[in-house]
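Participant: the following block contains a protein sequence and its predicted model.
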Amino acid sequence: MEDNTIIIGAGPAGLAVGACLKKAGSSFLILEKSDKVGSSWRQHYDRLHLHTDKSHSTLPFMDFPRDWPRYISRVQLIEYLEAYAQKFQLEPKFGQQVKNVQHLDGIWQVKTPGATYQARNLVVATGYPRQPHLPAWPGQDSFQGDILHSAAYKNGTPYKNKNVLVVGFGNSGGEIAVDLWEHGARPGLAVRSPVNVIPRELLGIPILTIGIAQRKLPPRLADMINGPILRVVMGDLSRYGLPKLPHGPITQIEEDARIPLIDVGTIQRIKDGHIRVHPGIEEFNGNAIVFTDGTQADFDAVILATGYRPRVSDFLEGLPDAYDDEGTPLSSGRETVIPGLYFCGFYVSPTGMLREIAIEAQQISTDIANRSGLKL
C-alpha cells in the first residue's frame, strides 16, 4: 500500500510532522536509520541542556512536564521524544538508512538496503547535525594527542589535568569548554572570527522570549535597540580575545545563518582565567599548535566544535534546485520548487530551532492535507 507521505528521520522534526499529519488524517510512514527516536540527541555530550526555555521549545500538541526545569537536559528531551511518539502512536520503521531517493512520474521512490517505499509527498527531516564538519590544518598528522569532533565527545573525565583546545565558539564549543574545566582539565578556545555573545536570560527573562517579542522588527533595528543593554550586561569582551562582529546577533542569524553564543557560564570562566582564548589555528607542529597571531602552545587533545553539514545531496540525487552546493536545503517549512518535496528543521531561527520545527511541521501538514483534499 502506498502512503501519502514519507518522512525521513525520527528526530524532533520528523516526529512533529508525523503528529501533525496524524491529526490531519493523512497517511504517512517515518523512516529512521537508527533503532530509536531522537538518535542525534542520544549521541550528544552529557552536559548538554537546551539553550532555549521549555515553554518555547515544545513540539505541537504536547508540553513538557510542569515540574521539569526551565532549561531541560539532553536526557529529558530524549524522554520527551519517546513519550511524544507513544502519545501520538508514531511507529517509525527503524534500521532504514535511506540510500537513494528518486522522483518518477510524480511519485517519490525511497530506497533503503532492504526495501523501496513510495509516496506522493516526501518530508526530509534529517536535521542539521547529519555529517560532522572536520576541517584540517597543515602538520595535523604530527599531533600525538586525540583529535575528535564534538559529536564524539561525551564528558571531560578523560581529560583531567590535560591541556585541551576546543576549536569553535558556537554553543557546543562554549559549553564543552565549561564541561572540561568542571572535570579538571585546562581548556582553551580557538576563536578565529569576531563573535556575538548573548546571555541566556536578561533580567530573569529568557532571551528567546525577548527575541519572539521583537520578531517583526527588522533585524538591524532590533539589534540597535538591544545593543546598549548587551554591552552593559556582557561588557567589553575584546579585552579577552573576543572581538565583536560589526553586526548584532539577530542580524547574524538572519544573514549568516549562525547562532551567536548563548552564554551558559563560558564568559565568566574566560574572565576568571579558567578558559584561555586563542585566535584561529595556523598549523600543527607536533603537539604544539601555532595560532594565526604567531603564538603557540602545547596541547594534549583537540576537540572540534566545528558544526555539521546537512548533506541531503548524499541521497537526494538529481535535485540541484532543492539544495546548495554543500547539500544544505534552500528552503524549510514549505513546499520546495519540486512538487511534493518538503524540508523540516533546516531554518536557523532567531526564536529557537525547536519552536521553528513546531511551526514548520504544522505548515507542512496543512499544505499536504490541502493537496490531498483533506479538511482540517
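Facilitator: Nice, I can see it. Residues are numbered from 1 along each chain as shown.
Participant: just the strands in the stretch 51-200 of the chain please.
Facilitator: Assignment of strands within the stretch 51-200 of the chain using DSSP state E, counting those that start in this stretch yields the ranges 100-104, 107-112, 115-124, 131-132, 146-149, 163-167, 186-190, 197-199.
Participant: okay, those strands in JSON lines with mean pLDDT next?
Facilitator: Formatted as JSON lines, the strands of the stretch 51-200 of the chain follow (pLDDT from 0 to 100):
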{"stretch": "strand 100-104", "mean pLDDT": "94"}
{"stretch": "strand 107-112", "mean pLDDT": "96"}
{"stretch": "strand 115-124", "mean pLDDT": "96"}
{"stretch": "strand 131-132", "mean pLDDT": "92"}
{"stretch": "strand 146-149", "mean pLDDT": "96"}
{"stretch": "strand 163-167", "mean pLDDT": "98"}
{"stretch": "strand 186-190", "mean pLDDT": "98"}
{"stretch": "strand 197-199", "mean pLDDT": "95"}
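Participant: nearest to residue 5, out of those strands?
Facilitator: Among the strands of the stretch 51-200 of the chain, strand 115-124 comes nearest to residue 5, with 4.1 Å by Cβ to Cβ. Using the backbone N, CA and C atoms, a C-beta is placed for each residue, glycine as well.
Participant: and the closest one, what does it pack against?
Facilitator: strand 3-8, strand 28-31, strand 107-112, strand 341-343, helix 353-371 (3 or more Cβ pairs under 8 Å, 6 or more residues apart in numbering; DSSP states H and E).
Participant: repeat the analysis, applying 10 Å as the threshold.
Facilitator: When contacts are defined as 3 or more Cβ pairs under 10 Å, 6 or more residues apart in numbering; DSSP states H and E, strand 115-124 packs onto strand 3-8, helix 12-24, strand 28-31, strand 100-104, strand 107-112, strand 341-343, helix 353-371.
Participant: which helix or strand in this protein has the lowest average pLDDT?
Facilitator: None of the helices or strands of the chain scores lower by mean pLDDT, DSSP states H and E than helix 207-213, at a mean of 87.
Participant: name the residues that touch that one?
Facilitator: For helix 207-213, the surrounding residues in contact (Cβ atoms under 10 Å, 6 or more residues apart in numbering) are 50-53, 55-57, 198-203, 205-206, 222, 225-226, 229-230, 249-250, 253, 260, 262-263, 349-352, 355.
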